[in-house]
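>>> This is a predicted model, with the sequence first.
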Amino acid sequence: MNLTRRNALALGGAAIVVSLVPVNAAFAATDLTMADIAAFTGGADVTEGGIELTTPEIAENGNTVPIAFSAPGAKRVIILADGNPSPGVATFSFSEMAISEGSTRIRLATTQDVIVVAELADGTYTQVAKSVKVTIGGCGG
Amino acid sequence: MAKPRVKVPKTAAAGEVVTIKSLIDHKMDSGQAKDKEGNLIPRKIINAFSATFNGVEVMSVKLEPAISTNPYFKFSFKVPETGDLVFKWVDDDGTVTEKTKTITVE
Amino acid sequence: MNKLIKAFAYTALGVAFATTAYAGENKALVINEEITIPTHAAAYEGSPLDELISGWEFRKAETQALQMDDFDNPAFIFIDKAKDEFAKVDGSEGKSCASCHEDVESFKGLRTELPRWNEAKGKMYAMENYINDCRTERMGADAWKWSKSKMTSMTALISLQSRGLPMAVKTDGPAAAAYEMGKALYYKRVGQLDMACSNCHEDNYGVMIRADNLSQGQTNGFPTYRLKNSKINSTHARFKGCMKNIRAEPYGQGSDEFTALELYVASRGNGLAVESPAVRN
């Protein structure tokens, strides 16, 4: 599926459907993010879904944004912040002892997509993306 | 001197999945912020975190400057036997901070 | 502000609480799944506020959650450090804090009373003053800077001993002059934006100021870990930040003015439970 902004608009009334399908961020992602994903996957195809990603809809402070993911069966997981000057956030590696999930706190420079790509046990790749609004201003800065 | 905190259950059943938390105080200077005089503060972050159980790596993380100040991780693993869980944080300057907790299988 | 507008503003404010304060999954502040801390308190007689509300209520669910577990709350790394510092000998007299104050738990309740009048010194004393007196006069050690990490870590550790107890600063007797001075400062418009503390924290709490939800400016959570600067912040450092935001020249940290203001603002929260170290934006 090649979801462009034009196509998304054309879907019009089906907007709910669009929001249920995790935003196909890889296609909208910056070149830097695409390069990081390619480096992680070695250029292999990436499917959608199979990862649960928990982020606040609106982050109170971009300095400390709590995120959590669960990617059952994943050996490696990369987290990317598409709107940061440098998209890399962290790469997790899991042994057979570990459950393929994790939580951490990340920095987001602005409102943007957080993208998680996982390498599954069979060597295939899957991804999910979520938009996080980052508020700035006010006195909390 | 960085001071780590970890939350590890003292006991577990064999094969039980336990949840672990870790936190270490570190500024995580990204290399992009400037000081009061307008000079770039050089990058200095914790770049690697790992947990090893009885000598076998459970999980590890390669950190980038987008990880927040005072890095926090929560993860889970299946405890196979009684043993030591060793946490390790590696600073850009080469400093390694370690902390060990024993989990006893009952 | 005329009464009608004011009534409207408060109605809007009620809505703001409904959408921001209680929209999250955290309906009550329960720490470590065992310590319930009341975040509302009845206003004392003569209070300018209808109800006293902790700053915790004005934060988003994710920020609230950071305070609901002492492991997730990053202030506790610094509390661990302060525990080491408490036992560490420093200065010419060969003493540590523990040499005189065997157990830090003996400070239970202290946080609720500060700042208070120090008769021997003839002035108002905040916790930082007491700590530095101990360091310089008893230990023969250097004074700590008001808002540097060693001081804020230690005030956090000592304040933690009073967690859950209601704030109860004295405003009469020898403290009355400082109370009046603090009150005058609270309502005095200053800076290029010509604003007083009250304009935000009394007239407009619960209202968004750009992207931030204004609180009552209560100090029951101080010293507090702020996401903004990822460290523990003293009350005076927060006052300084507010004054800079309104383009005013801040008073010095540890000055008579800020200690008087600390007393007055603390008194506005008399009855609210101590949350130190809280987590705020």
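Looks like it arrived, so ask away.
>>> tell me the SS of residue 86?
Picked chain A for this. Here residue A:86 is recorded as coil under DSSP: H, G, I helix; E, B strand; the rest coil.
>>> hmm, I had chain C in mind actually
Classified using three-state DSSP, residue C:86 is helix.
>>> per-residue pLDDT, it?
What the model reports as pLDDT for residue C:86 is 97.
>>> what's the burial count for the closest residue to it other than its chain neighbours?
The shortest distance from residue C:86 to any non-neighbouring residue, by Cβ to Cβ, 6 or more residues apart in numbering or on different chains, is to residue C:97 (4.5 Å). The C-beta positions use only the backbone N, C-alpha and C, and glycine is treated the same way. The number of residues packed near residue C:97 is 23, by other Cβ atoms under 10 Å in any protein chain shown.
>>> ok, now residue C:234?
Residue C:234 has 26 nearby residues by other Cβ under 10 Å.
>>> Over to the one 10 residues further on?
Using other Cβ under 10 Å as the criterion, residue C:244 is surrounded by 13 other residues.
>>> Does it touch residue C:250 like I think?
Yes. With contact defined as Cβ atoms under 8 Å, residue C:244 reaches residue C:250; the gap is 6.2 Å.
>>> Okay, buried residues for the longest helix belonging to chain A please.
Secondary structure of chain A per DSSP state H: the longest helix is helix A:31-41. Neighbour counts over helix A:31-41 (16 or more other Cβ atoms under 10 Å in any protein chain shown) mark A:33, A:36-37, A:40-41 as buried.
>>> Write out the residues of the stretch 101-250 of chain C neighbouring chain B.
C:230-231 (Cβ under 8 Å from any Cβ of the partner chain).
>>> and the residue lying closest to residue B:89 once chain neighbours are set aside, how far is that from chain A?
With Cβ to Cβ, 6+ apart as the criterion, residue B:89 has its nearest non-adjacent residue at 4.5 Å, and that residue is residue B:97. Going from residue B:97 to chain A by Cβ to the nearest Cβ, to the nearest Å gives 17 Å.
>>> Give me the sheet partners of the strand or helix carrying residue B:97 and which way each runs.
Here residue B:97 sits within strand B:96-105, counting by DSSP states H and E. Paired neighbours of strand B:96-105 in the sheet (DSSP bridges): strand B:11-12 (parallel), strand B:83-91 (antiparallel).
>>> where does chain A dip in pLDDT?
A:1-28, A:137-141 (pLDDT under 70).
>>> Spell out for me which residue occupies the centre of it.
The structure's chain A has its C-alpha centroid closest to residue A:115; by Cα atoms, centre = their mean the separation is 1.4 Å.
>>> what angle do the strand or helix carrying it and helix A:31-41 make?
Using DSSP H and E, residue A:115 sits within strand A:112-120. When axes from the mean of the first three to the mean of the last three Cα atoms, to 10 degrees is applied, the directions of strand A:112-120 and helix A:31-41 differ by 10 degrees.
>>> ok, back up a step: any idea how many residues pack against the residue nearest to residue B:89?
17.
>>> Now do the same for it: its pLDDT.
So, for residue B:97, pLDDT stands at 97.
>>> wait, isn't it in contact with residue B:91?
Yes. With contact defined as Cβ under 8 Å, residue B:97 counts as touching residue B:91 (7.5 Å).
>>> can you pull the contacts of residue A:90?
For residue A:90, the contacting residues are A:78-79, A:104, A:106, B:61-64, B:66-67, by Cβ atoms under 8 Å, 6 or more residues apart in numbering or on different chains.
>>> Can you verify it is assigned to a helix?
No. Applying three-state DSSP, one finds residue A:90 to be strand, outside a helix.
>>> Tell me which stretches of chain A form helices.
Counting by DSSP H, the helices of chain A are A:5-11, A:15-20, A:25-28, A:31-41.
>>> What is the longest one packed up against?
Okay, so that is helix A:31-41. Judged by 3 or more Cβ pairs under 8 Å, 6 or more residues apart in numbering or on different chains; DSSP states H and E, helix A:31-41 is in contact with helix A:25-28, strand A:74-81, strand A:112-120, strand A:125-134.
>>> what residues does stretch C:120-137 touch?
Contacts for stretch C:120-137 (Cβ under 8 Å, 6+ apart): C:90-91, C:97, C:100, C:110-111, C:114-118, C:141-144, C:146, C:151, C:154-155, C:158-159, C:175, C:178, C:234-236, C:254, C:256, C:259-260, C:262-263.
>>> Go through the residues you listed and flag which are in strands.
Among the contacts of stretch C:120-137, DSSP state E puts C:116-118 in strands.
>>> Narrow these to those that are buried.
Of the ones in strands among the contacts of stretch C:120-137, these count as buried by 16+ other Cβ under 10 Å: C:116-117.
>>> for whichever strand or helix holds residue C:133, the distance to its chain's centre please.
Assigned by DSSP H and E, residue C:133 belongs to helix C:127-133. Mean C-alpha position of helix C:127-133 versus that of the full chain (Cα atoms, centre = their mean, to the nearest Å) differs by 16 Å.
>>> Which ones, among the contacts of residue A:90, also lie beside chain C?
Okay, of these, nothing touches chain C (Cβ under 8 Å from any Cβ).
>>> Give me the neighbour count for residue 42.
No chain in the question, so chain A it is. 9.
>>> actually it's chain C I care about, not the one you picked
So residue C:42, with other Cβ under 10 Å, has 11 neighbours.
>>> got a list of what residue A:104 touches?
A:66-67, A:79, A:90, B:61, B:67-68, B:71-74.
>>> Mind listing what's buried along the strand holding residue B:97?
So, applying 16+ other Cβ under 10 Å, buried residues of strand B:96-105: B:97, B:99, B:103.
>>> Relative to residue A:129, which of the residues you listed is nearest.
Closest approach between the buried residues of strand B:96-105 and residue A:129, by Cβ to Cβ: residue B:97, at 33.3 Å.
>>> quick one, helices of the stretch 151-281 of chain C?
Assignment of helices within the stretch 151-281 of chain C using DSSP state H, counting those that start in this stretch yields the ranges C:176-187, C:197-201, C:235-245, C:256-268.
>>> Phi, psi for the most far-flung residue of chain B relative to its centre please.
Largest separation from the mean C-alpha position in chain B: residue B:37, at 32.7 Å (Cα atoms, centre = their mean). Main-chain dihedrals, residue B:37, degrees, to the nearest 10: phi -90, psi 0.
>>> From residue C:152, how far off is the residue nearest to residue C:86?
15 Å (Cβ to Cβ, to the nearest Å).
>>> Same check on residue B:20?
28 Å.
>>> Between these two, which is the more surrounded one?
Neighbour count, other Cβ under 10 Å: between residue B:20 and residue C:152, residue C:152 has more, with 27 against 21.
>>> Please look at that one and residue C:232 and confirm they touch.
Yes. Counting by Cβ under 8 Å, residue C:232 is a contact partner of residue C:152 at 4.0 Å.
>>> Need the residues touching each of those two.
Common neighbours of residue C:152 and residue C:232 (Cβ under 8 Å, 6+ apart) are C:78, C:223.
>>> Where does pLDDT dip in the stretch 1-150 of chain C?
C:1-26.
>>> show me where it has strands.
When secondary structure is read from DSSP state E, counting those that start in this stretch, the stretch 1-150 of chain C shows strands at C:29-31, C:35-37, C:40-42, C:51-53, C:116-118, C:123-125.
>>> could these be laid out in a markdown table, adding distance to residue C:272?
As requested, these are exported to a markdown table (distance: least, Cβ to Cβ, whole Å):
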| stretch | distance to residue C:272 |
| --- | --- |
| strand C:29-31 | 11 |
| strand C:35-37 | 10 |
| strand C:40-42 | 5 |
| strand C:51-53 | 5 |
| strand C:116-118 | 17 |
| strand C:123-125 | 21 |
